[in-house]
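[1] Dropping a prediction and its sequence here:
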Amino acid sequence: MPRWEPQASDRLREAALELFLAHGFDNVTVAQITERAGLTRRTFSRYFADKRDVLFAGSEELPGVLADAVGRADPALAPFDAMLSALAEVGDLLADRVQHAAERRAIVEASPELQERGRTKFAEATRALGAALGQRGAEEATAALLAPVGAAIFWAAFDRWARQPGGASLADHIRETAAELAASMQPVARPANSGRIPS
């Protein structure tokens, strides 16, 4: 019968984050993580596939969660608004589950390997959003255009939220990021005499 180890996954995650921050992701081994946490390699394997999984555990659920939220959005909403509503809904959900976001962000930024893993997660989320928009009836070209925009809004907002712990909610950052994007696409007003040749 396996020995019960209270909060084992949290202990492993905290030990890993401390070691990653102190020594760099590439310089830390699973053995060092388990030793720091006072647990065994078998216990580590029960919760995480490898040391990268300590930082990305649970992220495999995100594409499906995003797609479900897009599908639940008000049918009367236009594709972009439905996607934005879904992103905000998932943002609130994710914020309650993510711990040590600022530390995780710093570790990922310092490792090309982890950045590549992050790009893979971005691509998976993008595909899920595109498929969900298509199921709502969006034209294929529209879904293909909006999905990467939605994924970019989500990750940019997540990055802002991680930089400002205790500040605005992740959902608020998502709405703010989307509003900034929309404002940046507004035409710039030209002076009344623009284009005239001076006499």
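    Perfect, I can see it now.
[2] Pull the contacting residues for the residue sitting nearest the centre point of the chain.
    Closest to where the C-alpha atoms of the chain average out (C-alpha atoms, centre = their mean) is W155, at 4.7 Å. By C-beta atoms under 8 Å, 6 or more residues apart in numbering, the contact set of W155 is F122. Glycine gets a C-beta too; all of them are placed from N, C-alpha and C.
[3] can you tell me the helix or strand for it?
    Using DSSP states H and E, W155 sits within helix 140-163.
[4] And that helix, how far out from the chain middle?
    With C-alpha atoms, centre = their mean, to the nearest Å as the basis, helix 140-163 stands 9 Å off its chain's centre.
[5] before we move on, what about stretch 71-91?
    Using C-alpha atoms, centre = their mean, the offset of stretch 71-91 from its chain centre is 17 Å.
[6] Then stretch 52-59?
    The answer for stretch 52-59 is 12 Å, by C-alpha atoms, centre = their mean.
[7] Also stretch 37-49?
    Put simply, stretch 37-49 sits 25 Å off its chain's centre (C-alpha atoms, centre = their mean).
[8] do the same with stretch 115-133
    So, by C-alpha atoms, centre = their mean, the centroid of stretch 115-133 is 10 Å from its chain's centroid.
[9] May I have it as PDB, with CA atoms only?
    Extracted C-alpha coordinates of stretch 115-133, given in PDB (Å, rounded to 0.1, in the frame of the first residue of the first chain):
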ATOM      1  CA  GLN A 115       9.600  28.900 -24.600                       C
ATOM      2  CA  GLU A 116       9.300  26.300 -27.300                       C
ATOM      3  CA  ARG A 117       6.900  24.300 -25.100                       C
ATOM      4  CA  GLY A 118       4.900  27.500 -24.600                       C
ATOM      5  CA  ARG A 119       4.700  28.000 -28.400                       C
ATOM      6  CA  THR A 120       3.300  24.500 -28.700                       C
ATOM      7  CA  LYS A 121       0.700  25.200 -26.100                       C
ATOM      8  CA  PHE A 122      -0.200  28.500 -28.000                       C
ATOM      9  CA  ALA A 123      -0.700  26.500 -31.300                       C
ATOM     10  CA  GLU A 124      -2.900  24.000 -29.500                       C
ATOM     11  CA  ALA A 125      -5.100  26.700 -28.100                       C
ATOM     12  CA  THR A 126      -5.300  28.500 -31.500                       C
ATOM     13  CA  ARG A 127      -6.500  25.300 -33.200                       C
ATOM     14  CA  ALA A 128      -9.100  24.700 -30.500                       C
ATOM     15  CA  LEU A 129     -10.400  28.300 -30.800                       C
ATOM     16  CA  GLY A 130     -10.600  28.000 -34.600                       C
ATOM     17  CA  ALA A 131     -12.400  24.700 -34.500                       C
ATOM     18  CA  ALA A 132     -14.900  26.000 -31.900                       C
ATOM     19  CA  LEU A 133     -15.600  29.200 -33.900                       C
END
